[in-house]
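[1] Here is the input, now give the coordinates:
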Amino acid sequence: MGAVEDITKRRWEVWEAGGIPTVTRRAFKDATTFPTGPVYVAYASSALEATNVEAVIQSADPPHMGLVPEAGVIHAIWDALLNAENPLLVCGPDIGAAGAEEEILALAERLALPVATGIFDYASFPRTIPTMRGVETLSEERYDVVCCVGYRQNTRGNATDLRFRDAGTIIGIGHDPAQLGNTFPLDVAVWGNVRQTLAALNASWKESDARLPHLERRAAALRSRGAERVRQLHDEAMGHASDKPIHPNYLAQVAGRVLPEGTMVVSESFRNADHLMPFGFDKRQWRLVRTFGASLGHGIGAAVGAQLGAPDRPVVCSIGDGAVMYSASGFWTMARYGLPILTVVWNNLNYQTVRTNFHTFGGEMAKQKKYPEVYLGDPEIDFVMLAKAQGIEGTTVREPQAIEAALRRGVDAIRAGEPYLLDIRVATVGTGADSTWHQRFKLRD
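    Numbering: from 1, shown residues only. This next block holds a predicted model:
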């Protein structure tokens, strides 16, 4: 372990000094959209803003490429996961893209691996499986092995990217070489087919492994913690059953219970709670469509595309009120072509994502709790009227006890082949949520 620990220590010294490993692009420059050349160097924003910093950019082990990496690499990954005392499996969207759902479930269940997902990757592992730790709920404990499968790291170079700094061994497996070691360093990087790589790992399993004492202990602990996590999420949501405005967690709880099996959710909700809904891998569970970035405007158009591409699935467009205003003309398209899409507007009278970014940046806006151009009240937008003007019926929901009936009305509409919209007033949660400040002036008297 001495050599591994020494490599890990030097790896993080480079990271903290502001350096990001150099990635040689010769072998795969045509497979990426990054600038091409013999060498491409990327820096975190925090490194660019730092002053008086010196660092040595050390060369790293290049990604192991191929349909399946060589046997020695598979053995090293399997050995690390099998013998880990405190491992973590981090799942991302490459799993779904590769059709590797069965393989990732087998790996997690056989080795009793606790699982976490990224903030926008919450459909990359079933939420109700006992091993699931939740969305970005990574503790500060020291993991001895972290294995990231198809996980697309936060690329903003902030502190959350360094969360694995105390891990003994970090492994990355994915389709995109630009995401391997992009914001935290990897000891083993596998660039290749996720399904084939997972299948090769699972082929290393022996029935006798199930009787290893540390795996039995880990499995029992995960079952207990998983059941408790599901119970806590349910109780927390139901604790908001009487809140006005409606709490997003309660809306998600009711929607997860009422909307049909196999629902496809096209999400453009960055600060709401659709991550609490029953996404998974089974045909009866829900599927998710969303972007990897944090830009606004795709949701309504993406919902149209999803319905055309999967006409046999119920399609729900889960969208914030601010995001609607980027592409509301898509309602006319739904009406013109009779596309049965249920649009749920999580209406908190705010561009809460923008407000959160303002608050996180700090400065005078955060000090004064004055965030310009993010409050969408005064006047409030009537989304039911906006939809009706383009040919779509809808309902406004302001009372928590009215959510279930409204959702069922929406489901009946899309089953009848018609689009429908629900304008649901939800509480503003997150940083700066209590501020309704906005500039009060008129350009004309």
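[2] and Gly187, how many neighbours?
    Rather than Gly, residue 187 is Asp. When counting by other Cβ atoms under 10 Å, one arrives at 21 neighbours for Asp187. Just so you know, the C-beta spots here come from the backbone N, C-alpha and C atoms, and that holds for glycine as well.
[3] meant to ask about Leu233, not that
    17.
[4] Using the three-state scheme, assign it.
    Assigned with DSSP: H, G, I helix; E, B strand; the rest coil, Leu233 falls in the helix class.
[5] thinking it is in contact with His275, fair?
    No: using Cβ atoms under 8 Å, Leu233 and His275 do not qualify as a contacting pair, with a distance of 10.4 Å.
[6] in this protein, what secondary structure element scores lowest on mean pLDDT?
    Each helix and strand of the chain was given a mean pLDDT (mean pLDDT, DSSP states H and E); the minimum falls on strand 23-24 at a mean of 32.
[7] Where do the strands of the stretch 151-300 of the chain begin and end?
    Taking DSSP state E, counting those that start in this stretch as the criterion, the stretch 151-300 of the chain carries its strands at 169-174, 188-192, 264-268, 287-289.
[8] for those, which one sits closest to Gly363?
    Proximity of the strands of the stretch 151-300 of the chain to Gly363 was assessed by Cβ to Cβ; the nearest stretch is strand 264-268, lying at 27.5 Å.
[9] The closest one pairs with which strands, parallel or anti?
    According to DSSP bridges, strand 264-268 forms sheet pairs with strand 287-289 (parallel), strand 315-320 (parallel).
[10] Show me this protein divided up by domain.
    The record's domain parsing of the chain by automatic domain parsing lists 62-211, 239-425.
[11] weakest of those domains in terms of mean pLDDT?
    When the domains of the chain are ranked by mean pLDDT, domain 62-211 comes last with a mean of 84.
[12] Quick one: the strands in the stretch 301-445 of the chain, in order.
    Listed in chain order (using DSSP E, counting those that start in this stretch), the strands of the stretch 301-445 of the chain are 315-320, 341-347, 393-397, 420-425.
[13] Val304 is nearest to which of those?
    Among the strands of the stretch 301-445 of the chain, the nearest to Val304 by Cβ to Cβ is strand 341-347 (7.1 Å).
[14] Output the contacting helices and strands for the closest one.
    The helices and strands touching strand 341-347, judged by 3 or more Cβ pairs under 8 Å, 6 or more residues apart in numbering; DSSP states H and E, are helix 248-258, helix 299-309, strand 315-320, helix 321-324, helix 383-388, helix 403-415, strand 420-425.
[15] gap between that strand and the chain center?
    A distance of 20 Å separates the centroid of the chain from that of strand 341-347, by Cα atoms, centre = their mean, to the nearest Å.
[16] To Ile173, which of the helices and strands packed on strand 341-347 lies closest?
    Between Ile173 and those, the shortest gap by Cβ to Cβ is with helix 299-309, which sits at 27.2 Å.
[17] Between strand 341-347 and that closest one, find me the angle.
    Helix 299-309 runs at 160 degrees relative to strand 341-347, counting by axes from the mean of the first three to the mean of the last three Cα atoms, to 10 degrees.
[18] tilt between helix 299-309 and helix 403-415?
    Using the same axes, to 10 degrees, the inter-axis angle of helix 299-309 relative to helix 403-415 is 50 degrees.
[19] quick one, phi psi at Asp243?
    Here is the backbone geometry of Asp243 (degrees, to the nearest 10): phi -70, psi 140.
[20] no no, Leu89
    In this entry, Leu89 is assigned phi and psi values of phi -110, psi 120 (degrees, to the nearest 10).
[21] give me the beta-bridge partners of it?
    So, taking DSSP bridges as the rule, Leu89 has Val115, Cys147 as bridge partners.
[22] For it, which residues are in contact?
    Contact criterion Cβ atoms under 8 Å, 6 or more residues apart in numbering gives 104, 107-108, 113-116, 131, 147, 149 as the residues in contact with Leu89.
[23] Now Phe270: closest residue in space that isn't a chain neighbour?
    Leaving aside its chain neighbours, Phe270 sits nearest to Thr353 (4.3 Å; criterion: Cβ to Cβ, 6 or more residues apart in numbering).
[24] my guess is Gln196 meets Ile74, correct?
    No: taking contact to mean Cβ under 8 Å, the distance of 10.5 Å between Gln196 and Ile74 leaves them out of contact.
[25] Which residues are in contact with each of the two?
    Counting by Cβ under 8 Å, 6+ apart, the contacts common to Gln196 and Ile74 are Val68.
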